[in-house]
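Asks: can you look at this prediction? I've put the sequence above it.
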Amino acid sequence: MSSNTLTPFSHVVLVLVGEGGAGPHDLVRMAREGRMYWDAADSQYYAEPKRLARLGYLTAEKRPGRTRERTHYMLTDKGREAIAAWVREPATYPRTQNEVIVRVIAGDLMGDDAAVLEGLEPLRADLADIRRRIELAEERAHSLPHRERYLLLAHGLTLRLVAAYEEWLDEVERKFKPG
């Protein structure tokens with residue numbers, strides 16, 4: 001991205017860098033652990049901090065790594081100001097790219113509800129995985145006292161969404177299964 005504008009993903013990176021700073025490998029790890037909050041390719045977590053540093057929202061320094069030097073990014077005053085302005089912007093309903101809903105809607109094209117159910121079945125394991133990730137994230141939240149309250153609020157919403165999906169899957173199964 002060559003633009004000078006901040007995107008929603010730019011703000012994700014700024015927030016993940018946070019007060020302690022982070023390297024791209026840290027951002028990728030956090031993204032994988034928190035995939036239920038934001039989904040992006042690993043390469044974006046390497047490219048976006050470089051762009052934000054060029055724009056003055058982050059600073060970059062080299063730090064020792066296990067095998068080689070690693071880049072570590074820190075928020076600048078400009079980065080903090082960008083976050084402060086962004087959190088005050090009116091929030092709207094989150095953008096939705098919900099493949100499972102589209103699969104159910106495609107049911108009329110299939111003429112085979114069993115096929116739709118077959119495709120949805122792995123979602124239960126995915127939801128269980130997200131529950132496990134949230135449990136681990138809640139444990140880690142206690143080690144981040146400056147962010148604990150905020151993380152626990154985010155995790156609480158995610159658990160409610162997981163429960164809603166589980167209930168919705170139960171409903172889909174009841175309506176799609178014969179008899």
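Replies: Sure, I can see it.

Asks: who are the neighbours in contact with Asp26?
Replies: Leu16 (CB atoms under 8 Å, 6 or more residues apart in numbering). All C-beta atoms are positioned from the backbone trio N, CA, C, and that covers glycine.

Asks: any idea of the pLDDT on it?
Replies: Looking at Asp26, its pLDDT reads 88.

Asks: how close does it get to Gly119?
Replies: Using CB to CB, to the nearest Å, Asp26 is found at 35 Å from Gly119.

Asks: got it, and Ala60?
Replies: Taken as CB to CB, the span from Ala60 to Gly119 is 43 Å.

Asks: for the longest helix anywhere in the chain, buried residues please.
Replies: When the chain is parsed with DSSP state H, its longest helix is helix 148-176. Along helix 148-176, these residues count as buried under the neighbour rule (16 or more other CB atoms under 10 Å): 151, 154-155, 158-159, 162, 165, 169, 172, 176.

Asks: chain center to that helix, what's the gap?
Replies: 15 Å (CA atoms, centre = their mean, to the nearest Å).

Asks: where does pLDDT dip in the protein?
Replies: 1-2, 36, 179 (pLDDT under 70).

Asks: can you list the domains in it?
Replies: 8-88, 99-176 (automatic domain parsing).

Asks: deepest of the ones you listed, which one?
Replies: Stretch with highest mean neighbour count among the domains of the chain: domain 8-88 (a mean of 16; mean count of other CB atoms under 10 Å).
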